[in-house]
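A.B. asks: Predicted model follows, preceded by the sequence.
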Amino acid sequence: MKLNRRLIVLGLIVVLLLVLTFSGCAGVADLDDDLAAPGDDLDAKETEYIFKLQHSWGAAENHFFEHYAQIVNKMSGGRIEIEVYSDGELVDYTEIPDAVASGIVDMGHTHPQYHLDVLEEGFIEYTPFLWSNTDEIMAAYWHYGIGDLLGEAIEETFGVVVLDFQIDDLGALLFSYPVESIEDMSGMTINIEPPMADILRKEADVSAVYYEAEDLWYNMNMGILDGLEYGGAKAMVDMDLHSAAVSGGESGRGSFVQPYFITAFTPFYCINEDTWNALPGDLQSILYEAVHANTLWVRSYYSYHEADSKRIMEEAGIDIVTMPDEDVELLFRDALEWLENEYAPQSPRCQEIYNTVIKVLEDFGRI
């Protein structure tokens, strides 16, 4: 990634100060007050840049990106304003990196897994049960170097500048039927992508499809989908997917399956290369460091609301279930086999990412 870490002038202290200004997990209406103190320390200036940022999530989750926009605005003393657009408002979610590269939008936030047709390295984001906690994935991306390798691949593929990755929401499975094990998923149609799709097809003859965020509720409600993945409990409740689960499939029944098969998704913020190069160094640093401040807040927001979201699900008729340990171990071993046989051979960089994954898992005593 093109930002030289040694030149960053707004480091972790600034990030932590920004995050600690939040009172608990405030709603969007409270963000102006929450961010007032850091912003007031900077000299207010005329707006110099107005950037359009489109993300690949549903409109119900705009508040995460409005949070990022407000951090940037306050840190820059008003010099940067960011307009937030959700999935499909300007371009389709699959087109976001290309739209950023061409200047249709200035900035983007999306997932490597959405571009597997051209980004072989992106499969690593969606490998099931690979990490057991967020410490492992943070170490893997930010210290062992997976983030640098994946960022290089994205920049080479799309011609954008990757600001950084987020250690983001957790990924779970939601079903419109009672499900407690892999066997219970047999023959179902589930909204998932490879390699989870390949692994469940092998173990349970699952049919895998993938719809964009705004189509999930309808397809679940109509019984087109028997199950889906869309983040953790809070993300699903924000999208009202629990109501679709109990109104589709087996009436009044559904299952939210633990443990999370993705310990944390790793989407990335990116920016148009010409726009980036035209920015002064202090504003480059602000855009970069704001990703980390936003990341800490997003992770804490999800954690804070997860228990209450599960309660909302249960009240709607969703059973919170835990997959047997032997099923989890089976899927983990299938994931390692898939990485070795299918992922690593795709490119030298995939091989390097695979070698790094194995090193991380060995160091943490997983294998």
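C.D. replies: Arrived safely, thanks for sending. Residues are numbered from 1 along each chain as shown.
A.B. asks: Show me what counts as buried in stretch 260-276.
C.D. replies: 260-273, 275-276 (16 or more other CB atoms under 10 Å). C-beta here means a position set from N, CA and C on the backbone, and glycine is covered the same way.
A.B. asks: quick check: longest helix of the protein.
C.D. replies: helix 281-316 (DSSP state H).
A.B. asks: Quick check: mean pLDDT of it?
C.D. replies: For helix 281-316, mean pLDDT rounds to 96.
A.B. asks: Output the helix or strand following it as CSV - backbone C-alpha positions only.
C.D. replies: Note on helix 281-316: by DSSP states H and E, the next helix or strand toward the C-terminus is strand 318-322. Written as CSV, here are the backbone C-alpha positions of strand 318-322 (Å, rounded to 0.1, in the frame of the first residue of the first chain):
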residue,chain,number,x,y,z
ILE,A,318,-35.0,-17.7,16.1
ASP,A,319,-33.2,-20.4,18.0
ILE,A,320,-29.6,-19.5,19.0
VAL,A,321,-27.8,-22.7,18.5
THR,A,322,-24.2,-23.9,18.6
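A.B. asks: which outside residues touch strand 318-322?
C.D. replies: By CB atoms under 8 Å, 6 or more residues apart in numbering, the residues outside strand 318-322 that reach it are 174, 178-180, 242, 245-246, 253-259, 310, 313-314.
A.B. asks: ok, it: who's next to it in the sheet?
C.D. replies: Partners of strand 318-322 in the sheet, by DSSP bridges, are strand 254-262 (parallel).
A.B. asks: Residue 313 reaches residue 256, doesn't it?
C.D. replies: Yes - with contact defined as CB atoms under 8 Å, residue 313 reaches residue 256; the gap is 5.6 Å.
A.B. asks: Between the two, which contacts overlap?
C.D. replies: 233, 236, 242, 320.
A.B. asks: which of these count as buried?
C.D. replies: Buried among the shared contacts of residue 313 and residue 256 (16+ other CB under 10 Å): 233, 236, 242.
A.B. asks: The first one contacts residue 260, correct?
C.D. replies: Translated: residue 233. No - between residue 233 and residue 260 there is no contact under CB under 8 Å: 9.6 Å.
A.B. asks: just to revisit the earlier point, just the buried subset of the contacts of strand 318-322, written out for ChimeraX, thanks.
C.D. replies: Remark: buried members of the contacts of strand 318-322, expressed as a ChimeraX selection using 16+ other CB under 10 Å:
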select :174,179,180,242,245,246,253,254,255,256,257,258,310,313
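A.B. asks: ok, now which ones touch residue 129?
C.D. replies: 259, 261, 328, 331, 332, 335.
A.B. asks: Residue 84: which of those is nearest?
C.D. replies: residue 261 (28.8 Å; CB to CB).
A.B. asks: that older thread, out of the buried residues of stretch 260-276, which sit inside strands?
C.D. replies: 260, 261, 262, 268, 269, 270, 271, 272 (DSSP state E).
A.B. asks: okay, those in a markdown table with distance to residue 207 and pLDDT next?
C.D. replies: As requested, these are exported to a markdown table (distance: CB to CB, whole Å; pLDDT from 0 to 100):
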| residue | distance to residue 207 | pLDDT |
| --- | --- | --- |
| 260 | 22 | 95 |
| 261 | 18 | 95 |
| 262 | 20 | 95 |
| 268 | 30 | 98 |
| 269 | 33 | 98 |
| 270 | 33 | 98 |
| 271 | 38 | 98 |
| 272 | 38 | 98 |
